[in-house]
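Visitor: after the sequence you'll find the predicted model.
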Amino acid sequence: MTGLPYEEDSQMSLRQLVRKSMASADAVVSDTELREKATSHFNTLLEQRPRKGGKEDDEGAVKLMNRLFGATAAAMESDEDKKRVALLKNYMQCLIGTTLGVDAFLPEYIEKEDEEEEDEEGEEEGQPAMSWADVAAKKSEEQETAVQRNAWCGRYEASLAAERREHARIRQMSKIYYQQQDEEPEDWGCFEPQFLPELPSETFCMPIFFPSEDSYHTFVTALKSAQETLYVCIFSMTDNTTAKALAQAKRRGVDVRIISDNEQRDAKGSDVIRLHEEEGIPYKMDSGDQFMHNKFAVIDQRMVLTGSFNWSISARYHNKENVLVTNIDSVVQAYQKEFERLWDMF
């Protein structure tokens, strides 16, 4: 670890992160938003890793990660808290390995390296061999952790697969569409905007952009503000934190409804059916070959969230997306009317 130019700053940043997020290991593991925000910070740090021999110094970054999480686990008082730290580390390994394309961070590489290091340490210190009971218990813990890690990876991969299918189909449809167009474009005339009347002083119109956790905070807190109705029209929903906000609204007595694309009904990681089965949230889906490609939500008939943003993990953390949050009455009423029209249609 010596000689790494980013070691002191990295350790200081992550010590602060660990001190805040690990004040209670229970809070970190049970709070999805806190866990995902910690992951996002760690990803940012690793994207700035130095280069060695023309390549990123992945080995140094992996060692830094192991050292920091090792120190955190050592500071935990109970075995339960140490297990939770290990689970948090596994989540980070999975996300870093898949999003940055760094094989060194993928769980199978880490586990192999950790096993080799443990064997070497055991030989040097002359530790006694593990009993069969210890081996069985350790194997059971590893299997449980692997199941949880694979479930998260599965949701992330499903999110990417859904968006890849969406893009491929749009490209094909666009190709057919343009082949059918006339060579000469029609005379569309001039643009004639419909001017808004004077707006009240309480009116807002907020554009936010992704990837950004600050933007996501604005987005999800807007959803959580729903008191009476929350009408959602979305192509893809695979982000569990967003789904949790809808579930909580339903439990508060909010009238939550979802319209989604029929291709997402059985998509791996999709939250629409799960929210219906577990929370009783009603949903409808289109029945045609075309996409139900809207991405908006109407909250209490007073606010609209709309833009390019799918409610997916990849859109939240990686895609260049936008959302407009506004309470301009004419805009809100237009989206409310469109949701009701689509709900009756499907």
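Guide: Great, that's in hand. Numbers count the residues shown, from 1 in each chain.
Visitor: going forward, measure contacts between C-alpha atoms and count neighbours the same way
Guide: Fine.
Visitor: next, give phi and psi for the closest residue to residue 234 other than its chain neighbours.
Guide: Leaving out its chain neighbours, the residue that sits closest to residue 234 by C-alpha to C-alpha, 6 or more residues apart in numbering is residue 295, at 4.4 Å. Note on residue 295: backbone dihedrals following degrees, to the nearest 10 are phi -140, psi 80.
Visitor: do residue 172 as well
Guide: Dihedral angles (degrees, to the nearest 10) for residue 172: phi -70, psi -40.
Visitor: which residues does it contact?
Guide: Residue 172 is in contact with no residue at all, counting by C-alpha atoms under 8 Å, 6 or more residues apart in numbering.
Visitor: picking up where we left off before, hang on, the residue nearest to residue 234 packs against residue 308?
Guide: Yes - applying C-alpha atoms under 8 Å, one finds residue 295 in contact with residue 308, separated by 6.6 Å.
Visitor: so where is the chain shaky, pLDDT-wise?
Guide: Applying pLDDT under 70 to the chain picks out residues 1-60, 95-160, 162, 174, 176-186.
Visitor: related to what we said a few turns ago, what number of residues lie near the residue nearest to residue 234?
Guide: 20 (other C-alpha atoms under 10 Å).
Visitor: show the contacting residues for it.
Guide: Contacts of residue 295 by C-alpha under 8 Å, 6+ apart are 232-235, 306-310.
Visitor: cutoff 6 Å now
Guide: 233-234, 306 (C-alpha atoms under 6 Å, 6 or more residues apart in numbering).
Visitor: emit the ChimeraX select command for whichever of those are buried.
Guide: If you want just the buried ones from those in ChimeraX, going by 16 or more other C-alpha atoms under 10 Å, the selection is:
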select :233,234,306
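Visitor: list just the nearest of the contacts of residue 295 to residue 175.
Guide: Residue 175 lies nearest to residue 234 out of the contacts of residue 295, by C-alpha to C-alpha, at 24.4 Å.
Visitor: ok, the closest one to residue 194 distance?
Guide: Residue 234 sits 27 Å away from residue 194, going by C-alpha to C-alpha, to the nearest Å.
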